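Colleague: build me a structure from this.
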Amino acid sequence: MEGAHALTSPLGRITISSDAIARIVGETALECYGVVGMVARGPVKGPVRRLLGRDRTTEGVAVGREGGAVTIELHVVVEYGLNLAEVASSVRNRVAYEVERLTGLPVGSVEVHIDDVRRSA
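Modeller: Numbering: from 1, shown residues only. Presented below is the predicted three-dimensional model:
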């Protein structure tokens, strides 16, 4: 299975797709204080990045592997007026915790990219 992360036990092997992990990351990030939304990773198409709908948050997440650990990169938009470093730290910690809790896979790194700041509606 391409892009899968595996856990092995005496009873067999469990594979978890990168898409499933990306969905966990997206949902968790949107629940974090200060995160207004997520944007697609990659080059900007036009003068303004559009917020991704809740059903498309995986487009703002890249999941990889390094050694035996999961690596995560995500692109968020943060509410204007908040301390960006604190929001990013909170997102990083919460995402790592939830991915490890829900999958049992170790998380090696979480890179949070703040691509924009906006006033919440």
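Colleague: hey, where'd the strands end up in the protein?
Modeller: 4-9, 12-17, 35-38, 61-66, 69-79, 107-118 (DSSP state E).
Colleague: which one of those strands lies closest to Gly53?
Modeller: The closest of these to Gly53 is strand 35-38. By CB to CB, the value is 8.9 Å. All C-beta atoms are positioned from the backbone trio N, CA, C, and that covers glycine.
Colleague: partner strands of the closest one and their direction?
Modeller: Paired strands of strand 35-38, with direction, are strand 69-79 (antiparallel) (DSSP bridges).
Colleague: only C-alpha atoms, please: export the strand it pairs with in PDB.
Modeller: Below are the C-alpha coordinates for strand 69-79, written out as PDB (Å, rounded to 0.1, in the frame of the first residue of the first chain):
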ATOM      1  CA  ALA A  69       8.500   7.900  12.700                       C
ATOM      2  CA  VAL A  70       5.700   9.900  11.000                       C
ATOM      3  CA  THR A  71       6.600  13.400   9.700                       C
ATOM      4  CA  ILE A  72       3.900  16.000   9.300                       C
ATOM      5  CA  GLU A  73       3.700  19.400   7.500                       C
ATOM      6  CA  LEU A  74       0.600  21.500   7.600                       C
ATOM      7  CA  HIS A  75      -0.500  24.900   6.400                       C
ATOM      8  CA  VAL A  76      -2.800  27.000   8.500                       C
ATOM      9  CA  VAL A  77      -4.300  30.500   8.700                       C
ATOM     10  CA  VAL A  78      -4.300  32.100  12.200                       C
ATOM     11  CA  GLU A  79      -6.600  34.700  13.700                       C
END
